[in-house]
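Chemist: A predicted structure for the sequence below; I have some questions about it.
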Amino acid sequence: MAQILFHDTQRCNKISHCALYPNMFRKLLIISFFMTLFTAAWCQGVLEKARNADCRGLIDLAEDYYRQAADTSAEARLWLGLLLEGKEHFAEASLWLARADTTALSMTHLAVCHAEQRHWLDAKRAAEKSIELASENDSALRSSAMATLGLVHCMDRNYTNALTWVNRALDQDRNSARALNVKGIIHFYRGNDNDAVKAFRQATQADPKNIDAHFNLGTMYCYRNNHDLAISTLKKGLRVERGSIKLIYCLGWAYLLKGENENAIECLEEVIKRDSSYVNAYNRLGDIYFDRAEYNRAIAYYRTAIRIDPKSSEAYRQMGRTYAEQGEMGKALRSYQKATELNKSDADTYCRLAELYEKQKQPKKVRNYYLKAAKLGHLGAQKWCTERAIAY
């Protein structure tokens, strides 16, 4: 009986304790309510300031306002992501877009940002989600997402599916500069240079300020060793969009291929100044210092690229090449193997692995890696297999 009385007394004490402070709980609820209203009103005011700054072309000021509201507003995170995408800060843009509400708009632009970083699986998922969410009336969003899927298939060398998605994108929006750009990329990878040039030029006609079309033309000319034409094309693009990081980067690459290293370094350092997370700029600077036999400095740039983007197979491949040049074969092998883990269609790296294992007199591994490269279409590897009557 005493035990029951003890528990009853405890219960009564708790009730009495709550009853003693009814006003305190009411006040807390009221304070919380008004704090929520205040936060919402403040956030809305900051968003209005951001939009006004954005409309007036005051991009840095707009970015500052969006950042102020981003922790409490999904809308602010969306617009901050879009703004950063426009500034070509794709890595950070993708982070904010991923934190925004999941809509066709956010997923479409997230797919673009992942594609710019060559994160193809992430780009595919975001594009597919965008198509799922977009209504039939959202033709521009559907077209962009379909074009991204076309690009993903192109990078997987599935050109038939790539063209199918691009044509579907153009059915949605005939003047889609993004779809026309992807169409040009597909033609370029298939070796149809004239068709690629035509598509890129159509993209500039659809959108005269389209950065990608100028960039892709410059890139195409670089791959075809027409460096002077690449440089003039990229400078023309920069007259339209002076601050484009992509165009400045590609111009630096064109100078590098032409052997004008000082001009290349100037451009690449300008890229890093504008966007310290631009992985390819570090890779190209690493290439320059590799060519100068400044191997430790080259490795430092490749490591920076990997720190920023652990999925950068190119950085691992180039670091492997540098270690091999220094005679550090163990490190070279590990770097090359990591590169092929990240990019299983990298035929050149398979050949480099084969060459290193040849020096170590491991014929089974030599055969294995040359065979992988041959199956991917590497002519040198195919010749090696043919000379040894190895079917690929």
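Modeler: Yep, that arrived.
Chemist: most centrally placed residue in the chain?
Modeler: For the chain, the residue nearest the mean C-alpha position is residue 117 (1.7 Å; C-alpha atoms, centre = their mean).
Chemist: would you check that residue 353 makes contact with residue 338?
Modeler: No - counting by C-beta atoms under 8 Å, residue 353 sits too far from residue 338 to count as a contact (11.2 Å). Quick note: C-beta positions are derived from backbone N, CA and C, even for glycine.
Chemist: compare the two (neighbour count), which wins?
Modeler: Set side by side, residue 353 and residue 338 show more neighbours around residue 353, with 25 against 19, by other C-beta atoms under 10 Å.
Chemist: what sits against that one?
Modeler: Applying C-beta atoms under 8 Å, 6 or more residues apart in numbering to residue 353 gives the contacts 333, 336-337, 340, 365, 369.
Chemist: what about it, distance to residue 173?
Modeler: Relative to residue 173, residue 353 is positioned 44 Å away (C-beta to C-beta, to the nearest Å).
Chemist: now swap in residue 270 and tell me
Modeler: For residue 270, the distance to residue 173 (C-beta to C-beta) stands at 34 Å.
Chemist: who has more neighbours out of the two?
Modeler: Between residue 270 and residue 173, residue 173 has the larger neighbour count (other C-beta under 10 Å), namely 19 against 16.
Chemist: give me phi/psi at the more buried one?
Modeler: Here is the backbone geometry of residue 173 (degrees, to the nearest 10): phi -150, psi 100.
Chemist: thinking again about what came up before, out of the contacts of residue 353, which are buried?
Modeler: Among the contacts of residue 353, those classed as buried by 16 or more other C-beta atoms under 10 Å are 333, 336, 340, 369.
Chemist: which of those lies closest to residue 68?
Modeler: residue 340 (44.3 Å; C-beta to C-beta).
Chemist: ok, and the closest non-adjacent residue to that closest one?
Modeler: In this structure, residue 340 finds its nearest non-sequential neighbour in residue 349, 5.3 Å apart by C-beta to C-beta, 6 or more residues apart in numbering.
Chemist: residues in contact with residue 347?
Modeler: Counting by C-beta under 8 Å, 6+ apart, residue 347 touches 372-373, 376-378, 381.
Chemist: so how far is residue 97 from it?
Modeler: In terms of C-beta to C-beta, residue 347 sits 33 Å off from residue 97.
Chemist: what of residue 362?
Modeler: For residue 362, the distance to residue 97 (C-beta to C-beta) stands at 46 Å.
Chemist: so which of these two has more stuff around it?
Modeler: residue 97 (28 against 14).
Chemist: where does the prediction get shaky in this protein?
Modeler: Filtered on pLDDT under 70, the chain yields the residue ranges 1-42.
Chemist: okay, now the domains of it?
Modeler: The chain breaks down into these domains under automatic domain parsing: 41-102, 117-191, 346-392.
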